[in-house]
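K.L.:
Sequence and computational prediction follow.
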Amino acid sequence: ALAAAKNGDTLTLLGNITLDSMLTISKNITIDGAGLYSITASENDAWKGNQMIQVSKANVTFKDLTLDGAGQSLTLIQAANATGLTLDGVTMENARNGIYKGSTFDNGGLTINNSTINVKVFAFNATGKIAFITVTGSTLYGWTSFASNLTDALASFKDTKFFEADDRDGGNKAIIAALR
């Protein structure tokens, strides 16, 4: 379905998907899990230090789904000069990083709405020409950081909870870094 998709299309999952290798998305699309389905990394050693999904020079929305690293030492999403990335009602879990591994943006932004990123190290780390980060109604476990080389870059966090990556009981330790 991804190969046949055109810019602006919405791909609605009809079941769970298990990936054996990295999925690259280079089209402006929405992937909708309908609140029922997940995209999960297979349980093999090939994932170590890699990413499950790469968003390359595109604006992609993930909606109402779970991205599951299956306990692998991987990054769930890497943005490679992405023009935008949106998580809307998404759960990211069981991975080393949520959005990381050299995630770069090309005059685009990162939007996270009503989502939970529950990973071991970085909830997100974004760099490059990132114009904005907007996080609303979400819960983030782990480091959160961004560095933009745009002079008017903005970061906004509203109704969002931050927790240390290994603080699963909801304590008050948060690690936040906003760099410019």
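P.N.:
Structure's in. What do you need? Every value quoted in this text rests on a predicted model; they were computed, and no experiment measured them. Residues are numbered from 1 along each chain as shown.
K.L.:
where does the residue of the chain most remote from its centre fall, phi/psi-wise?
P.N.:
Taking C-alpha atoms, centre = their mean, the residue of the chain most remote from its mean C-alpha position is T151, at 24.0 Å. Torsion angles at T151 (phi, psi; degrees, to the nearest 10) stand at phi -70, psi -20.
K.L.:
Over to W47?
P.N.:
Per degrees, to the nearest 10, the backbone of W47 is at phi -80, psi -20.
K.L.:
Was I right to think T104 contacts A80?
P.N.:
Yes. With contact defined as C-beta atoms under 8 Å, T104 and A80 form a contacting pair (6.4 Å). Quick note: C-beta positions are derived from backbone N, CA and C, even for glycine.
K.L.:
chain center to stretch 64-74: distance?
P.N.:
With C-alpha atoms, centre = their mean, to the nearest Å as the basis, stretch 64-74 stands 10 Å off its chain's centre.
K.L.:
residues making contact with that stretch?
P.N.:
The contact list for stretch 64-74 (C-beta atoms under 8 Å, 6 or more residues apart in numbering) reads 13, 31-35, 37-43, 47-53, 76-77, 88-97, 119.
K.L.:
joint contacts of T104 and A80?
P.N.:
By C-beta under 8 Å, 6+ apart, no residue touches both T104 and A80.
K.L.:
Those two: who's more crowded?
P.N.:
Applying other C-beta atoms under 10 Å to T104 and A80 shows that A80 carries more neighbours, namely 19 against 15.
K.L.:
on that earlier part again, for PyMOL, write a command that selects the buried ones of the contacts of stretch 64-74.
P.N.:
Typed into PyMOL, the line below selects the buried ones among these, using 16 or more other C-beta atoms under 10 Å:
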select buried, resi 13+31+32+33+37+38+39+40+41+47+50+51+52+53+76+77+88+89+90+91+92+93+94+95+96+97+119
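K.L.:
Count the neighbours of the closest residue to K6 other than its chain neighbours for me.
P.N.:
Using C-beta to C-beta, 6 or more residues apart in numbering and skipping residues adjacent in sequence, the residue nearest K6 is K27, 7.1 Å away. A count of nearby residues for K27, using other C-beta under 10 Å, gives 18.
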